[in-house]
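Asker: Need the 3D shape of this:
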Amino acid sequence: MDNTSTDLSGGTRPGSEPIIQMGDEKIANNELSFAPTSHEAPNMHAEGSTAGQQQIAATVPMERQKRELAALYTPIAIVIAGVFMSAGLFFGLSHSGAVATAPSGSQPAAAAAVNIANVKTAGEPFVGDPNAPVTMAFWSDYQCPFCKAWETGGVPQIPGDAVLPQLMTQYVDTGKLKIVFKDFQFLGPDSTQDGEWARAIWKLYPSQFFAWRTAIYTQAPEENSLSAAQNLTHLEKVTGSVSGINVQAVEADVAKNKSTYDAAMSADEQEGQTVGIQGTPGFVIGTTLISGDEPLANFTSAIDALLNK
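Answerer: Numbers count the residues shown, from 1 in each chain. Below is the predicted model of the structure:
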């Protein structure tokens, strides 16, 4: 999504003669208006002088002004078209999930053959019968809106029903499916802090883990919108709302085992990348890789295929 850009605020265009200064006042005088495409600091165009505009109007023939103004419409149209294209791309990706970006200069890991048998599940948080005939590994980030949409719903920009509650009813609660939760905490410091608390809760209160996880997504603020101190307060509040969890015990455990938990989360992310997980949410069911906030049918077909073997 990520050539010289046209300067719509005035000045000169590279390779051409000076164009008429078109500050906010000039555009208003010519009855030309359009929505801003980015946030700008106040008074960004405050120096578009009225005196300068009057001088140009006095020295440039009227026909030339008309030609210059007409020429301005083209780059504005291009900008507006770009806005619509960007919006279309965003909504087109609304079910693709959040994508991890490799560090500059690094080479993406080659995806290995996908097989749940090769995924580390021992010691990882899970929900369901430990001996269920089908296991699904689920990589997620606690700040990821696509993960929230898939797991609990409630994201206005991502329509559709949450998939996890339906899988819980059809497969987990009936003993057919075990879901193993894997870390892919790549969206920022809040993600890492959330992941550390999740691991402490799984260690200290495994029977409350799934209720805590649901509460974290249900009460999630906007992605990485909090400071470290604010996110800590948020974690304390959400954790305290889950019956049977001692917030102080969790906080002490995180302080003691932070480096261990960070290493475990990093290992989960690296493992995910080796099987083709490029962002969140991502899933492995048997030999099937599912990437993104996909509909229920994609999961039921993979699960039923294994159950019917």
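Asker: can we go C-alpha only for contacts and neighbour counts from here?
Answerer: Noted.
Asker: Report how many residues lie close to G123.
Answerer: Using other C-alpha atoms under 10 Å, G123 has 9 other residues around it.
Asker: Give me the three-state assignment for it.
Answerer: Here G123 is coil, with the state taken from DSSP: H, G, I helix; E, B strand; the rest coil.
Asker: For it, what are phi and psi?
Answerer: Main-chain dihedrals, G123, degrees, to the nearest 10: phi 80, psi -10.
Asker: what does the model give K309 for pLDDT?
Answerer: Looking at K309, its pLDDT reads 87.
Asker: I misspoke; the intended subject was T59.
Answerer: Value listed for T59 in the pLDDT field: 36.
Asker: Pretty sure A198 sits against F210.
Answerer: No - contact between A198 and F210 fails when scored by C-alpha atoms under 8 Å: they sit 9.7 Å apart.
Asker: And P156, how close does it get to T274?
Answerer: 32 Å (C-alpha to C-alpha, to the nearest Å).
Asker: whoops, N246 was the one
Answerer: N246 is 36 Å from T274, by C-alpha to C-alpha.
Asker: what do you get for P189?
Answerer: From P189 to T274 the distance is 23 Å (C-alpha to C-alpha).
Asker: Which residues does the helix or strand where M136 lies contact?
Answerer: Assigned by DSSP states H and E, M136 belongs to strand 134-140. Strand 134-140 is contacted from outside by 116, 119, 121, 147, 176-185, 269, 272, 277, 280-286, 303, 306-307, using C-alpha atoms under 8 Å, 6 or more residues apart in numbering.
Asker: more crowded one of P156 and T274?
Answerer: It is T274, of P156 and T274, that has more neighbours when counted by other C-alpha under 10 Å, with 16 against 8.
Asker: distance of that one from D268?
Answerer: Distance, T274 to D268, by C-alpha to C-alpha: 10 Å.
Asker: Can you get me a residue count around N298?
Answerer: Applying other C-alpha under 10 Å, I find that N298 has 11 neighbouring residues.
Asker: what sits against it?
Answerer: I290.
Asker: ranges for the strands of the stretch 151-300 of the chain?
Answerer: Ranges of strands in the stretch 151-300 of the chain, per DSSP state E, counting those that start in this stretch, are 177-183, 279-280, 282-285, 288-291.
Asker: Give the pairing partners of the longest one; include direction for each.
Answerer: Strand 177-183 has the following strand partners under DSSP bridges: strand 126-127 (antiparallel), strand 134-140 (parallel).
Asker: model confidence over that strand, on average?
Answerer: 98.
Asker: same thing with stretch 291-299?
Answerer: The average pLDDT for stretch 291-299 rounds to 96.
Asker: With stretch 235-254 instead?
Answerer: The average pLDDT within stretch 235-254 is 97.
Asker: Now do the buried residues in that stretch.
Answerer: Within stretch 235-254, the residues that qualify as buried are L235, E236, V238, T239, V242, I245, V247, V250, E251, D253, V254, counting by 16 or more other C-alpha atoms under 10 Å.
Asker: same check, this time on stretch 289-305
Answerer: When neighbours are counted by 16+ other C-alpha under 10 Å, the buried residues of stretch 289-305 are found to be L289, I290, S291, G292, D293, E294, F299, A302, I303.
Asker: Sort out which one of those lies nearest P133 for me.
Answerer: Distances from P133 to the buried residues of stretch 289-305, taken as C-alpha to C-alpha, are shortest for I303 (9.7 Å).
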